[in-house]
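[1] Okay, predicted coordinates and the sequence, questions at the end:
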Amino acid sequence: MDFRQLRTFACVAELGSLSKASDTLRVAQPALSRQIKLLEHELRTELFTRNGRGMVLTDAGRLLLARTGGIVRQIDQIRDDIQSAGGAPSGRVVLGLVPTVSCVISARLARRTVERYPGISLCIVESYSGHLIEWLHRGEMDLAVIYGPSVDLHLAVQSLGRDSIVAVGPRGSGLKQKKQVDIGWLLRQRLVLPSHSHGLRAMIEHAAAKKKVTLDVKLEADSFRVLTSLVEEGLGYTMLPPSSVRGEVAEGRLETAPIARPAPRRELTLASPVEHPGSNAITLIARLLRDEVAACRAEGLWDIQLA
């Protein structure tokens, strides 16, 4: 196996198409197809199944991607650092954001990146913490903002601060008239929550266990947008950072109220893989991200206790 074949394989696997990979790598499609066939011949197995909608990894292909994807990214980052030494920074950075952070900071961060580092290509991926941690471990992601606790993650972590959590309800729920709500009262309401695999659900389950309350969860949603839309429809209450629903509250679609002390807060962490040092581009994006978090707090857009 040579690096060119592995890089072609990783690109086709990511994009699911030879034609898209050809455009990205700026290599003729027949040449890419030949590289994939040579790799399959050497490994004596098919790495993709071809169908009308593109190319899908086989089990062997998924294994190869898991073992080599991080290596390919590291070599690409070394090349980018060497080529940009003494000049403008360049390279590709894949950043993962949990949805409640993404809706606050992704557009601002993207704008600042384009303005300050036009040579850096920033790819923002939005997902829940569990998925982001898995992609960091597999070397498919360079940085991720996740919710803690950060112990036992086997990742390089840096605390960004502690994010506040408020009660969120539909229009007409009366929350906006309340100075605060008791956590015990909130836990006894009909709730709309993420599934058990997500950190927010674990936090709420823990609070319910301390209060000896059985949660009434009729609807679950592992999409942040679906979760808030279900609450908008009056199908239940939820708990979220106030920054994540600021727009919906301003438009009168949702209502929020602070939770009485001890109010829950969640640790927000910037994580990266420990297996390899970050490129110059990754370091710059991490610094820019921390600056944007501080700026959002200073502008009153984010109620976060900075670390």
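    Sure thing, it's come through.
[2] can you map out the strands along the stretch 201-307 of the chain?
    Here the stretch 201-307 of the chain has its strands, by DSSP state E, counting those that start in this stretch, at 216-220, 238-240, 254-258, 265-272, 304-306.
[3] Same list (those strands) but as CSV, adding mean neighbour count.
    C-beta here means a position set from N, CA and C on the backbone, and glycine is covered the same way. What follows is the strands of the stretch 201-307 of the chain, written out as CSV (neighbours: other Cβ atoms under 10 Å):
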stretch, mean neighbour count
strand 216-220, 14
strand 238-240, 23
strand 254-258, 21
strand 265-272, 21
strand 304-306, 16
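[4] and those strands, which one is worst for confidence?
    Lowest mean pLDDT of these: strand 304-306, a mean of 84.
[5] and that strand, what does it pack onto?
    strand 156-164, helix 280-298 (3 or more Cβ pairs under 8 Å, 6 or more residues apart in numbering; DSSP states H and E).
[6] could you say which helix or strand contains V192?
    V192 belongs to strand 190-193 when assigned by DSSP states H and E.
[7] Grab the CA positions of that strand and hand them over as PDB.
    Output in PDB follows, covering the C-alpha atoms of strand 190-193 (Å, rounded to 0.1, in the frame of the first residue of the first chain):
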ATOM      1  CA  ARG A 190     -44.000  15.800  30.400                       C
ATOM      2  CA  LEU A 191     -40.600  16.000  28.900                       C
ATOM      3  CA  VAL A 192     -39.000  15.800  25.400                       C
ATOM      4  CA  LEU A 193     -35.500  14.600  25.700                       C
END
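[8] neighbouring contacts of it?
    200-201, 204, 215-221, 227, 230-231, 235-238 (Cβ atoms under 8 Å, 6 or more residues apart in numbering).
[9] What's opposite T49 in the beta bridge?
    V56 (DSSP bridges).
[10] Looks like it contacts D59 (just checking).
    No: using Cβ atoms under 8 Å as the test, T49 is too far from D59 to be in contact (10.4 Å).
[11] Wait, S173 touches Y237, no?
    Yes: in terms of Cβ under 8 Å, S173 counts as a neighbour of Y237; the distance is 7.3 Å.
[12] More neighbours: which of the two?
    Neighbours were counted for S173 and for Y237 using other Cβ atoms under 10 Å; Y237 has more, 23 against 19.
[13] ok, back up a step: ok, which of the strands of the stretch 201-307 of the chain comes nearest V166?
    strand 254-258 (4.7 Å; Cβ to Cβ).
[14] ok, for P258, nearest residue in space, not its chain neighbours?
    Nearest non-adjacent residue to P258, counting by Cβ to Cβ, 6 or more residues apart in numbering: Q180, 4.6 Å away.
[15] Count the neighbours of that neighbour for me.
    Q180: 14 neighbours (other Cβ under 10 Å).
[16] picking that back up, what's the mean pLDDT across the strand holding V192?
    In the prediction, strand 190-193 has an average pLDDT of 92.
[17] cool, and stretch 42-52?
    In this model, stretch 42-52 carries a mean pLDDT of 88.
[18] again with stretch 101-118
    94.
[19] Can you give me the buried ones in it?
    Within stretch 101-118, the residues scored as buried using 16 or more other Cβ atoms under 10 Å are V101, S102, C103, V104, I105, S106, R108, L109, R112, T113, Y117.
[20] isn't the fourth one right up against S243?
    When you say that, I think you mean V104. Yes: V104 is within contact range of S243, at 4.8 Å (criterion: Cβ under 8 Å).
[21] what residues do the two have in common as contacts?
    C296, L301, W302.
[22] just the residues you listed now: which is nearest C123?
    C296 (21.3 Å).
[23] quick one, what contacts that closest one?
    V104, I105, R108, S243, W302, I304 are the contacts of C296 under Cβ under 8 Å, 6+ apart.
[24] any idea which of those is closest to Q77?
    Looking across the contacts of C296 and measuring by Cβ to Cβ, the closest to Q77 is I105, at 23.3 Å.
[25] Report the contact partners of that closest one.
    I105 touches L97, L289, E292, V293, C296, counting by Cβ under 8 Å, 6+ apart.
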